[in-house]
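# Got a sequence here, can you model it:
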Amino acid sequence: MLKRKFVLATVIFVAFAMVMSSMALIGGVAANNSTSSQANTPSSLVASHYANPTLTGKAAQVMKALTEKGIPANYVYLPNFNPTVHKKDGVITPSYTTAPAPMGIGAYGISNNNGAGPATAYNLTTGSVMASLNVSSLQDFYALDDGPNSVTFQLNAVLHNVALFGNSSYAFWTQNVVFYSARTQSLLLLDNLWNFSSPSFTLTQNSLYNYSGIPVAPVYYYAVGPAFHVTYPFSLNLYLNTSVIDGRSAVFYNYSLETSGHYYSGSYDRIIFNSIPSSNPSYTAPPPQYLISGNTITPDGYIPYDAEIMIGGPGGGSTANVLNISATMQLKYMNATTSAYASFPDTFDVGSQTGETSQGVAVSWSPNDVATLTAGPSYLYGMWGLTPASTTMYTYTGSVNPPNSFMFTSPGGPFNATLSAWVPLSNTGKYSFTIPNGSLSANIMLSNYNPKLPTLNPGNNGQLTLTPNFTLGVYTPLYAMDNAQLQYISYYGNGTQGNPYVIYNNAPSSGYINPLFGELNDYAFPAFSGLLLHNVNAYTTVTSEPSFTVNYAKNVYSQIIVAYFGLPSTNNLGIVLYQTSNATVYGNQVTGWFSFEQSEFPVANLLLWNSQNDTVMYNQFTTLDSSMLVYNTQTQDGNNLIYGNLFIQSSQLNAANYAVIAVSTTFGTSPYGPVALTVYSSGNVISGNFFIVYNTAISPNYSIYSGYGVNYTDTWNHNFWWNYVNRSGPYNNNGQITSGYDNSPIIIHGFERYHVRILVNDFKHR
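Numbering: from 1, shown residues only. Below you'll find the predicted structure:
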């Protein structure tokens, strides 16, 4: 008992000293005095210039409305709200110009005589669009999705000539979506319907006459279809079919699936529009048609009339990092003349309508109009009909050592960062992909190693090995996808309890990591984390880490995204422990922000996802929106120790600059404001911490993964809470902590009144 009291007293003393130190550095994020520490270059909340109020307003409006209604992100497949029309000589081109992007097949109504002539536009109408998928293998991982190993395949097209109340000038975006978890090999069908008839995107409930899903007026409509367990390989056809039923415009969402020798098919949703006006009950709507047009924009003002089958993140504008894939795609339309499905005559390898994206997907194609997906660089280009029929496909293979290096390639030479794309490597450092490019330049790099800039030729490029150079410091993220990769990002240790791997700060002199790691998708989802431990159980200590600061102004495309959303121009990439045990995160300074568009996703500067028996101790979290989040399944206790940490709200926050980073990780159930700690997990000990953040800690009674109710149980004791005003009885943040009570909060008499409240209430009252 005496030992326990001594340890607790030590924690209080250390935390108190940290608080006083931070208060003295009220102007920003506290940093140590070491000139070598990258923690001296924290992100700033100064917004980028030229923020676009149209984009920011529409995205924020939609996300806020759906958050308040409690709609899970994996039921929401957002349009690309980037209000930029890409045109050249009057011809509409794809909205995306670089990855992350919705990779797959896109038809735009553009022809150029197989690359021989100038681009010309044409219109194609059809009553049915279909896509075929054949998937032999798939592995993906993106930590900030609530389904980290999940992707979506989406068949998207705009239905034209829809009649409402006797007026057939309406356009609706129809999405037939496959939500696929590579971890569980489960497949869920669902659909979305969005009104593209005006810039307001308003969908009223009375515009629909009959349906089996859920209208979420005034935003959109969705329906959840059947679920299946599949095994590789599996084949899936998706259909969007139109009709007129009893004089009313209608659309069907159909499918057929073949897996493990079993065949399934059906129509899981039918939407009939309210076409007949009360003033003319004999009115019959004209046949609605899918329109693919190279010279006409949808009535919303900026989204093309295209058709697309794509792979992207699992909803909500999210992204996916594909690590391995072997799959084929086809995109076809019903030819009214032949009454048979035909391939679209001219295609790109990217869609434009959707906001979900992916990277790590290389697309090639065959003479019979089949696209093949392999794990490689996601370049954007025209495919059949837009390139010479004799275009050759080239396969590149090889390996990299260390295997957790990062590889980017650009077409031709020399290496061009602006044109480059990320190449996923296997856990043993291998790569193999097929693309139409006959030569590539690569940039292969890893912190504390000399980078290499080789030329890659089709065929086997052998093994490329980096040489250590600790003078370069940490200029890339640090990833370990398994125990074997830990040695390449550690300073010493062998992973045993007595001699753990130690991952330690060695910051670069520039203060920033390479700008290539500042990639953002169109909803500002970061493509990379700063530190990722994935499926690791070797004993590991993460201490005095650099801040993994990225400067978006140095990334040609990301600077456009942050400018559109009015986001800060620098940020700190976060730390992720995924299915990791026996890790200790000790003595780090942690900060960073997320965009409002990531609301309802498990975003945090330190994320523990399905991780057990880890220790988070004596760190300083400078909170901008979401500092730390812990998640475990309801059948798995975390058994994590969160001890002696200081969570202190950044003095940079105010009502104006917080709005664009106002992330909610709780389906909107917590009060508006930054949050220090969010816990969706049981069996954890949270003790001896100082919480000086507007939302101190939150532990809801439901799962962020499924949305279903869960009764979590954790031990909360001996923490300091800035808003513990009664100074008697247990603390649970006014009911926000449902997994337990702090029965013995730390009290420092008078301190919270005169110092701490100034920092937190200053945010509250702005």
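# how about the helices in this protein?
For the chain, the helices defined by DSSP state H cover 2-24, 53-68, 558-565, 655-658, 751, 757-765.
# worst average pLDDT in those?
Among these, helix 2-24 carries the lowest mean pLDDT, a mean of 42.
# Worst mean pLDDT across the helices and strands of the protein, which element?
helix 2-24 (a mean of 42; mean pLDDT, DSSP states H and E).
# Where does pLDDT dip in the stretch 251-400 of the chain?
Applying pLDDT under 70 to the stretch 251-400 of the chain flags no residue at all.
# Which stretches in it count as strands?
For the stretch 251-400 of the chain, applying DSSP state E, counting those that start in this stretch gives strands covering 262-273, 289-293, 307-312, 319-335, 340-343, 348-350, 357-359, 361-365, 371-375, 394-401.
# closest one to Gly638 among these?
strand 319-335 (24.8 Å; CB to CB). All C-beta atoms are positioned from the backbone trio N, CA, C, and that covers glycine.
# Each with direction, which strands does that closest one pair with?
Within its sheet, strand 319-335 is paired with strand 128-140 (antiparallel), strand 340-343 (antiparallel), strand 357-359 (parallel), strand 371-375 (antiparallel), according to DSSP bridges.
# Now find how far off-centre stretch 502-517 is within its chain.
From the chain centre to the centre of stretch 502-517 is a distance of 23 Å (CA atoms, centre = their mean, to the nearest Å).
# What's the end-to-end length of it?
Its first and final residues considered, stretch 502-517 spans 23 Å by CA to CA, to the nearest Å.
# Then stretch 376-387?
21 Å.
# roughly how far out does that stretch sit from the chain middle?
24 Å.
# do the same with stretch 129-145
With CA atoms, centre = their mean, you get 15 Å for stretch 129-145.
# Would you tell me which of the strands of the stretch 251-400 of the chain gets closest to Phe165?
Once the strands of the stretch 251-400 of the chain are compared by CB to CB, strand 262-273 is nearest, at 9.4 Å.
# Of all the residues in that closest one, which ones are buried?
268-273 (16 or more other CB atoms under 10 Å).
# got these as CSV, with distance to Tyr491 columns?
Listed next are the buried residues of strand 262-273 as CSV, based on distance: CB to CB, whole Å:
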residue, distance to Tyr491
Tyr268, 54
Asp269, 55
Arg270, 61
Ile271, 59
Ile272, 65
Phe273, 64
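# thinking again about what came up before, now the strands of the stretch 251-400 of the chain as a markdown table including distance to Val616?
Shown next, in a markdown table, are the strands of the stretch 251-400 of the chain (distance: least, CB to CB, whole Å):
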| stretch | distance to Val616 |
| --- | --- |
| strand 262-273 | 44 |
| strand 289-293 | 52 |
| strand 307-312 | 32 |
| strand 319-335 | 25 |
| strand 340-343 | 53 |
| strand 348-350 | 40 |
| strand 357-359 | 30 |
| strand 361-365 | 35 |
| strand 371-375 | 33 |
| strand 394-401 | 32 |
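# just those strands: most buried one?
strand 307-312 (a mean of 29; mean count of other CB atoms under 10 Å).
# among the strands of the stretch 251-400 of the chain, which is nearest Leu646?
Here strand 319-335 is closest among the strands of the stretch 251-400 of the chain (CB to CB), at 32.0 Å.
# Dump that closest one to CSV, keeping only the CA atoms.
Written as CSV, here are the backbone C-alpha positions of strand 319-335 (Å, rounded to 0.1, in the frame of the first residue of the first chain):
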residue,chain,number,x,y,z
THR,A,319,-10.1,6.2,-48.6
ALA,A,320,-8.5,2.8,-48.8
ASN,A,321,-4.9,1.7,-49.1
VAL,A,322,-4.8,-1.5,-51.1
LEU,A,323,-1.8,-3.8,-50.2
ASN,A,324,-2.6,-6.7,-52.4
ILE,A,325,-5.3,-7.3,-55.1
SER,A,326,-6.0,-9.7,-57.9
ALA,A,327,-9.2,-8.8,-59.6
THR,A,328,-10.9,-7.9,-62.9
MET,A,329,-13.7,-5.4,-63.8
GLN,A,330,-16.0,-4.8,-66.7
LEU,A,331,-18.4,-1.9,-67.2
LYS,A,332,-21.3,-2.3,-69.7
TYR,A,333,-24.5,-0.8,-70.9
MET,A,334,-27.7,-2.2,-72.4
ASN,A,335,-27.5,-1.6,-76.2
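# Look at Ala116 and say how many residues are nearby.
Close neighbours of Ala116, defined as other CB atoms under 10 Å, add up to 8.
# Next, give phi and psi for the residue of the chain most remote from its centre.
Ranking residues of the chain by C-alpha distance from their mean position (CA atoms, centre = their mean) puts Ser282 at the top, at 48.5 Å. In terms of degrees, to the nearest 10, the main-chain angles of Ser282 are phi -90, psi 0.
# residue contacts, it?
Contact analysis of Ser282 by CB atoms under 8 Å, 6 or more residues apart in numbering lists Gly247.
# got it, and the one 10 residues further on?
With CB under 8 Å, 6+ apart as the criterion, the residues that contact Ile292 are 107-109, 123-126, 157, 305-307, 333, 344.
# ok now stretch 569-587, how far from the chain's centre?
Put simply, stretch 569-587 sits 17 Å off its chain's centre (CA atoms, centre = their mean).
# For it, measure first residue to last.
The first and final residues of stretch 569-587 sit 27 Å from each other (CA to CA).
# Ok, stretch 429-440 next?
Terminal residues of stretch 429-440 are spaced 18 Å apart (CA to CA).
# List the buried residues in it.
429, 431-437, 440.
# distance between the ends of stretch 460-475?
Terminal-residue distance, stretch 460-475 (CA to CA): 28 Å.
# Now tell me what touches it from outside.
When contacts are defined by CB under 8 Å, 6+ apart, stretch 460-475 is touched by residues 38, 396-402, 405, 429, 442, 444-452, 454, 505-510, 513-514, 546, 548.
# Let me see the mean pLDDT of it.
Mean predicted lDDT for stretch 460-475 stands at 96.
# buried sites along that stretch?
Buried residues in stretch 460-475, defined by neighbour count with 16+ other CB under 10 Å: 461, 464, 466, 472-475.
# do the same with stretch 672-685
673-685.
# Only C-alpha atoms, please: export that stretch in PDB.
Extracted in PDB, the C-alpha atoms of stretch 672-685 (Å, rounded to 0.1, in the frame of the first residue of the first chain):
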ATOM      1  CA  TYR A 672     -19.300  20.100 -29.300                       C
ATOM      2  CA  GLY A 673     -15.600  20.700 -28.600                       C
ATOM      3  CA  PRO A 674     -12.200  19.000 -28.500                       C
ATOM      4  CA  VAL A 675     -12.000  15.600 -26.700                       C
ATOM      5  CA  ALA A 676      -8.900  14.200 -24.900                       C
ATOM      6  CA  LEU A 677      -9.800  10.500 -24.600                       C
ATOM      7  CA  THR A 678     -12.400   8.300 -26.200                       C
ATOM      8  CA  VAL A 679     -12.800   4.700 -25.100                       C
ATOM      9  CA  TYR A 680     -14.800   2.000 -26.900                       C
ATOM     10  CA  SER A 681     -13.200  -0.900 -24.900                       C
ATOM     11  CA  SER A 682     -13.400  -2.800 -21.600                       C
ATOM     12  CA  GLY A 683     -10.800  -4.000 -19.100                       C
ATOM     13  CA  ASN A 684      -8.600  -0.900 -19.300                       C
ATOM     14  CA  VAL A 685      -7.000   1.100 -16.400                       C
END
